[in-house]
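**Q** any chance you could fold what I've pasted below:
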Amino acid sequence: MTTEQIMHYRELSGEYLRHARALLAEGDLSQASEKGWGAAAVLVKAAAEARGMDHERHRHLWQTIRVLVRETGDVELRGLFSHAESLHGNYYENMLDAEEVAEFMGDVERLVEKLGELA
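**A** Residues are numbered from 1 along each chain as shown. Purely as a prediction, here's the structure:
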């Protein structure tokens, strides 16, 4: 476990989340979506790093979410992370409207809050 890496991921998450909110307010749904995804993904990476787990691929992130659900009993983590991943898909596919992006960003904020206690 590297404390420096975990702190770096935490800082990135906050930066990405702030940027995502600004982009959403500007109506840039694609970029807001990707920054929202990034805010969630780097905190999952921090939780993985803290546990000595791999975190280079999407499947590693899902494996980390599974471990966190088992550790905490908080099954909501799966749904929140799924919405974050939907935002990632929206960056490529532009499939979500503004209301959905805003809703999923709220879920990312909730996920980031929860992960902050676990990373």
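
**Q** residues in contact with stretch 98-113?
**A** 13, 17, 20-21, 24, 27, 29, 32-33, 36-37, 39-40, 43, 77, 79-81, 83-84, 86-87, 90, 96 (C-beta atoms under 8 Å, 6 or more residues apart in numbering). Any C-beta I mention is one placed from the backbone N, CA and C, and that applies to glycine too.

**Q** can you say which of the residues you listed are buried?
**A** 13, 17, 20-21, 24, 29, 32-33, 36-37, 39-40, 43, 77, 80-81, 83-84, 86-87, 90, 96 (16 or more other C-beta atoms under 10 Å).

**Q** host element of H60?
**A** Taking DSSP states H and E as the criterion, H60 maps to helix 58-72.

**Q** list of residues touching that helix?
**A** 41, 44-45, 47-48, 51, 53-55, 74-75, 77-78, 81, 85, 115, 118.

**Q** and that helix, what's buried?
**A** Per 16+ other C-beta under 10 Å, helix 58-72 contains these buried residues: 61, 63-65, 68.

**Q** name the helices or strands packed onto the helix or strand following that helix?
**A** Next in sequence after helix 58-72, counting helices and strands by DSSP H and E, comes helix 76-93. On a contact count with 3 or more C-beta pairs under 8 Å, 6 or more residues apart in numbering; DSSP states H and E, helix 76-93 meets helix 29-50, helix 58-72, helix 98-116.

**Q** tabulate the ones you listed (CSV), appending mean pLDDT and distance to Q5.
**A** Shown next, in CSV, are the helices and strands packed on helix 76-93 (pLDDT from 0 to 100; distance: least, C-beta to C-beta, whole Å):
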stretch, mean pLDDT, distance to Q5
helix 29-50, 97, 5
helix 58-72, 97, 14
helix 98-116, 97, 15
